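# turn this into a model:
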Amino acid sequence: MKFLGFSPVSPIVKRIPPSGIRRFFDLVSEMNDVISLGVGEPDFVTPWRIREAAIDSLHRGQTMYTSNRGLLELREAIAGDLRRRHNLVYDPKTEILITVGVSEALDLAMRALLIPGDEAIIPEPCYVSYKPCTILAGGKPIVIPTRVEDGFKPTAQQIEAAITSRSKILMLSYPNNPTGATLSAEELLPLTQIAQKHNLLVIADEIYDHLTYNGQHTSVAALPGMQERTILLNGFSKAYAMTGWRVGYAAAHSEIIGAMTRIHQYTMLCAPIISQNAALEALKHGASDRDLMIQEYSQRRSLIVDGFRNLGLECFEPGGAFYAFPSIKSTGLSSEEFCEKLLKEQRVAVVPGNAFGESGEGYIRCSYASSKEEIKEAIQRIGRFVEPYLQDKMIS
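Coordinates of the predicted model:
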């Protein structure tokens, strides 16, 4: 199609690279016989009781808009869940907002809080949208690289060294995507003390909170002095196998939730009522289904980590989420070279580690939200792929 003769697209948008995850997802969609360990999506079907609640919503003719803030009953259920699990008290009328997934909640938080030039400190590797959402809100992302030697965990010293007069937000996302790293209460405490010392707001993306395999998840907002300066983001996609339902939420001080709601009401209006009713059922009666899925993920975690180690690839043991983040440095290939060659030669799709930041170079992200049979077959194919590279290294 003939166009205007000039580009009307914002230069800010032009500078944002396309998602490294989606690029490989698109490649997979064009190929046959591919085992995909690429996209972070449960292979489980949403539990029947949750689907049935959505069907019932349709039968009852509940197909209208809800309040911009979301169904009050769902907000009340979320408030009750946060009180039971973390001893956090939020007013469901003014301090909780239902969003279209955690992705929208993150975007709203960034736009509500940042003014041009404000800085957001972001530990990497991290989920692909954190930096772009910061930039689109007019902010400047300040990256803190983490290392496998430190368990992919940022230190208080790193955070404090990154702080300037324009620092406003500290982004924390644990359990982490892509590394699977977790932070205990003892590890979080010095980070939150730095946030308080320098008056930083914390955006805590805790979408994988239920998927914690070693010990209990600690919410950032539950630590001393942190609830008033934390924007807690969570949702239903991962723990309840509800990715396509697109329901998330934000919990924070009423002034922040009010600002986020003003943006939300002009852009998204509300999350779908059918999905909200399904999420309500998940919170009320979905625990047993959720826990069965988590038990299965734990078994798959051992299978995939042991599989990579048996191939001779070093693999960090994830404490949460459903991703393995093995090192492929021993092959001599870059992350992108490894992933492209693996896909073409062995029909296995994984995501290059540098899609999650420069500190992810030399690693690949592999989702174990796939069946055990697929994981076993993927490991065998990866083994065939890496064997000549590792042999060449041994010979040299």
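# residue 107: what's its closest spatial neighbour, skipping adjacent residues?
Nearest residue to residue 107, sequence neighbours excluded (Cβ to Cβ, 6 or more residues apart in numbering): residue 133, at 5.2 Å. C-betas here are computed from N, CA, C, even on glycine.
# same check, this time on residue 65
Nearest-residue entry for residue 65: residue 270, 5.5 Å, with adjacent residues in sequence omitted and distances by Cβ to Cβ, 6+ apart.
# wait, residue 106 sits on residue 133?
Yes. With contact defined as Cβ atoms under 8 Å, residue 106 reaches residue 133; the gap is 5.5 Å.
# secondary structure class for residue 142?
State at residue 142, reduced to three classes by DSSP: H, G, I helix; E, B strand; the rest coil: strand.
# contact partners for it?
119, 120, 121, 122, 162, 164, 167 (Cβ atoms under 8 Å, 6 or more residues apart in numbering).
# that's a strand at the second one, yeah?
What that stands for is residue 120. Yes. Using three-state DSSP, the assignment for residue 120 is a strand.
# okay, helices next: where are they in this structure?
Taking DSSP state H, the helices of the chain run over residues 11-15, 20-29, 48-59, 72-86, 101-113, 130-136, 156-162, 185-197, 254-267, 273-285, 287-310, 335-346, 372-395.
# what's the closest of the ones you listed to residue 223?
Taking Cβ to Cβ as the criterion, residue 223 comes closest to helix 185-197 out of the helices of the chain, the separation being 4.9 Å.
# contacts for the closest one?
Helix 185-197 is contacted from outside by 153-156, 159-160, 163, 170, 172, 174, 183, 200-202, 218, 220, 223-226, 229, using Cβ under 8 Å, 6+ apart.
# hmm, 6 Å instead?
If you take Cβ atoms under 6 Å, 6 or more residues apart in numbering as the criterion, helix 185-197 is touched by 156, 159, 160, 170, 202, 218, 223, 225, 226.
# now stretch 334-347
Outside of stretch 334-347, the residues within contact range by Cβ under 6 Å, 6+ apart are 33, 34, 328, 348, 349, 350, 352, 353, 354, 361, 381, 385.
# tell me the bridge partners for the fifth one.
Bridge pairing for residue 349 (DSSP bridges) gives the partners residue 36.
# gap between it and residue 365?
With distances taken as Cβ to Cβ, to the nearest Å, residue 349 is found 11 Å from residue 365.
# and this structure, what are its domains?
Structural domains assigned to the chain are 11-46+288-385, 62-285, following automatic domain parsing.
# in TSV: those, plus distance to residue 3.
Supplementary listing: the domains of the chain in TSV, determined by distance: least, Cβ to Cβ, whole Å:
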stretch	distance to residue 3
domain 11-46+288-385	15
domain 62-285	24
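# out of the ones you listed, which gets nearest to residue 54?
Of all the domains of the chain, the one in closest proximity to residue 54, counting by Cβ to Cβ, is domain 62-285 (4.3 Å).
# circling back to that earlier point, in terms of neighbours, single out the busier of residue 349 and residue 365.
residue 365 (27 against 23; other Cβ atoms under 10 Å).
# need the nearest residue in space to the more buried one, chain neighbours excluded.
Excluding its sequence neighbours, the residue lying closest to residue 365 (Cβ to Cβ, 6+ apart) is residue 178, at 3.9 Å.
# residue 126 is in contact with that neighbour, correct?
No. Counting by Cβ atoms under 6 Å, residue 178 does not reach residue 126; the two are 8.0 Å apart.
# before we move on, the earlier item: could you report the separation of the residue nearest to residue 65 from residue 69?
Applying Cβ to Cβ, one obtains 8 Å for the distance of residue 270 from residue 69.
# how about residue 223?
26 Å.
# next: residue 134.
Taking Cβ to Cβ as the criterion, residue 134 is separated from residue 69 by 25 Å.
# tell me how many other residues surround the residue lying closest to residue 154 once chain neighbours are set aside.
Using Cβ to Cβ, 6+ apart and skipping residues adjacent in sequence, the residue nearest residue 154 is residue 123, 4.1 Å away. When neighbours are counted by other Cβ under 10 Å, residue 123 registers 28.
# quick one: contacts for residue 123?
For residue 123, the residues meeting the contact criterion (Cβ under 6 Å, 6+ apart) are 144, 146, 154.
# 10 Å instead, please
130, 143-146, 152-155, 158-159, 162, 170-174, 176, 179, 181, 191, 357, 359 (Cβ atoms under 10 Å, 6 or more residues apart in numbering).
# do the same with residue 389
By Cβ under 10 Å, 6+ apart, the contact list for residue 389 reads 312, 328, 330, 331, 332, 333, 338, 341.
# separation between the first one and residue 238?
In other words, residue 312. In this structure, residue 312 and residue 238 are separated by 30 Å, where distance is defined by Cβ to Cβ.
# overlap of the contact sets of residue 106 and residue 133?
127, 171, 203.
# if you compare the helices of the chain, which one is most tucked away?
When these are scored by mean count of other Cβ atoms under 10 Å, the highest mean neighbour count falls to helix 101-113 (a mean of 24).
# these two touch, right, residue 356 and residue 127?
Yes. With the criterion set as Cβ atoms under 10 Å, residue 356 and residue 127 qualify as a contacting pair; they are 7.1 Å apart.
# neighbour-wise, which of the two wins?
Neighbours were counted for residue 356 and for residue 127 using other Cβ under 10 Å; residue 356 has more, 28 against 24.
# excluding its backbone neighbours, what's nearest the more buried one?
In space, residue 356 comes closest to residue 125 once its chain neighbours are excluded; the distance is 3.7 Å by Cβ to Cβ, 6+ apart.
# neighbours around that neighbour, how many?
For residue 125, the number of neighbouring residues by other Cβ under 10 Å comes to 26.
# pull the contacting residues for it.
Applying Cβ under 10 Å, 6+ apart to residue 125 gives the contacts 143, 145-146, 152, 176-179, 181, 325, 353-361, 363, 365.
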